[in-house]
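# could you look at this predicted model? Sequence included:
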Amino acid sequence: MTARPIRSILLYGYGTMGRGVAKTFAAAGFETLVRSRRASELKDLPAGVVASDRLPGRCPDLILELVPEDVETKRAVFREIEAMYGDADFLLATGTSGLDLNVLAEGLAHPERLIAIHYYMPAETIPIVEVMAGPSAPREAVDRAAEALVKTGKAPLRMYKPVVGFIVNRLQHAILHEAYWMITEGIASAADIDFAASRMLGPRICASGLILQKDLSGLKVNRDAQRAVVPHLFHDRGVNPLPGELVARGETGIAAGKGFYDWKGVDAARARSVHAQALKKLLDYLETETFPAIADAEPNDTGLG
């Protein structure tokens, strides 16, 4: 595998996420192709994007599958791609948000090609994209994909070892697991937990992240708090039943009119749009605002891994 820059990309699958991803690559000047069974029906292709119902004859530099979250579905796509392009030099990326790359890599003729590229909705505006190595992929594969993403205006997070859930989802689900437990135990309401997260935890993280903030407050304080709190957190390896119980009742969130909150009479599309606009305003602010004393800090080689 060479380290030549990525100039052409193929998206295998074209849902809502695919359109946003295609738009960012095409706008940045990449040759952007889409493989979709619905190619002839697609009327909303961004400028510069070409769609076809079959794989192109010339191998792209990067192929990103965005098909449903099912191991066998993704493996079938991988087989089709490898059968078409054989030993050609390309990166094969999965758009999975939670499947195990060790499992997805099984059966690949060239597992060293496999990486993961994980976007967040809406893909065209959220700057963070996670790039993770498959079990046999070299660091250069991650860096090569990340460099292409930078050209599309993204801020890639690089992971050189595969781990289920990437960075953001692992942190998010660790917090959610504790939040769901507090709700089911009657300790706090969803509204109070959301208020604490949005008015205290969230702003603190926005200003300094998770780890840097502990340097600011002092690691002795953090060490003592860890000793006092961590043993009492809800440590288990099971899934909290609460979300599943809501789903079983048909209370699947805003689209159903009810979830953790009562959304009766609320325009779901408008609510999502307002949320997306608010998030963009916050991200724009964080992009332009600087905290000089914090920005001057450099990572310390702790020698812990």
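On my side now, so go ahead.

# roughly how far does A228 sit from L149?
41 Å (Cβ to Cβ, to the nearest Å). Any C-beta I mention is one placed from the backbone N, CA and C, and that applies to glycine too.

# more neighbours, the two?
The neighbour count for A228 versus L149, taken as other Cβ atoms under 10 Å, is higher for L149 (23 against 9).

# can I assume the more buried one is in contact with I117?
Yes - if you go by Cβ atoms under 8 Å, L149 and I117 touch, sitting 7.5 Å apart.

# what is in contact with the two at once?
Counting by Cβ atoms under 8 Å, 6 or more residues apart in numbering, the contacts common to L149 and I117 are V129, V131.

# which stretches in the protein count as helices?
In the chain, the segments counted as helices under DSSP state H are 16-27, 71-85, 101-104, 139-151, 168-184, 190-196, 202-208, 211-217, 219-229, 241-248, 268-288, 292-295.

# which of the ones you listed is buried the deepest?
helix 16-27 (a mean of 21; mean count of other Cβ atoms under 10 Å).

# tell me the angle it makes with helix 139-151.
Here helix 16-27 runs at an angle of 80 degrees relative to helix 139-151 (axes from the mean of the first three to the mean of the last three Cα atoms, to 10 degrees).

# what's helix 16-27 in contact with?
9, 11, 14, 32, 34, 36, 44-49, 64, 66, 95, 119, 121-125, 152-154.

# with only the CA atoms kept, save that helix in CSV.
Written as CSV, here are the backbone C-alpha positions of helix 16-27 (Å, rounded to 0.1, in the frame of the first residue of the first chain):
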residue,chain,number,x,y,z
THR,A,16,-28.9,10.8,4.4
MET,A,17,-25.4,10.3,5.7
GLY,A,18,-24.1,9.5,2.2
ARG,A,19,-25.4,12.7,0.7
GLY,A,20,-23.7,14.8,3.3
VAL,A,21,-20.4,12.9,3.0
ALA,A,22,-20.5,13.1,-0.8
LYS,A,23,-21.2,16.9,-0.6
THR,A,24,-18.1,17.5,1.5
PHE,A,25,-15.7,15.6,-0.8
ALA,A,26,-17.1,17.0,-4.0
ALA,A,27,-17.0,20.5,-2.7
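
# where does the stretch 1-150 of the chain dip in pLDDT?
Applying pLDDT under 70 to the stretch 1-150 of the chain flags residues 1-2.

# for R144, what are its contacts?
Each residue near R144 by Cβ under 8 Å, 6+ apart is listed here: A3, P5, I6, L91.

# so what's the first one up against?
Think A3. Contacts for A3 (Cβ under 8 Å, 6+ apart) come out as E140, D143, R144.

# wait, the second one touches R158, no?
Yes - counting by Cβ under 8 Å, a contact exists between D143 and R158, whose distance comes to 7.1 Å.

# got a winner among the contacts of R144 for most neighbours?
Neighbour max across the contacts of R144 (other Cβ under 10 Å) = L91, 23 neighbours.

# hey, what's it bridged with?
L62 (DSSP bridges).

# what about it, distance to L64?
9 Å.

# could the contacts of R144 be laid out in JSON lines, adding distance to E82?
Listed next are these as JSON lines, based on distance: Cβ to Cβ, whole Å:
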{"residue": "A3", "distance to E82": "21"}
{"residue": "P5", "distance to E82": "23"}
{"residue": "I6", "distance to E82": "19"}
{"residue": "L91", "distance to E82": "13"}
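
# restricted to strands, list the contacts of helix 16-27.
I9, L11, T32, V34, V49, L64 (DSSP state E).

# so how far is D100 from the second one?
Just to be clear, that refers to L11. On the measure of Cβ to Cβ, L11 and D100 end up 22 Å apart.

# list the contacts for the residue lying closest to G134 once chain neighbours are set aside?
Computed as Cβ to Cβ, 6 or more residues apart in numbering, the closest residue to G134 that is not its neighbour in sequence is L114, at 3.4 Å. By Cβ under 8 Å, 6+ apart, L114 lies in contact with L92, A93, T94, L101, L104, A105, L108, G134, P135, S136, A137.

# rerun at 7 Å
Listed by Cβ atoms under 7 Å, 6 or more residues apart in numbering, the contact partners of L114 are L92, L101, L104, A105, L108, G134, A137.

# tell me the bridge partners for L11.
Counting by DSSP bridges, the residues bridging with L11 are V34, L64.

# was I right about it contacting F30?
No - L11 is beyond contact range of F30, at 10.9 Å (criterion: Cβ atoms under 7 Å).

# what do those two both touch?
Shared contacts of L11 and F30 (Cβ under 7 Å, 6+ apart): none.

# out of the two, which sits in the busier spot?
Set side by side, L11 and F30 show more neighbours around L11, with 27 against 22, by other Cβ under 10 Å.

# residues in contact with the more buried one?
Contacts of L11 (Cβ under 7 Å, 6+ apart): G18, V21, A22, V34, L64, L66.
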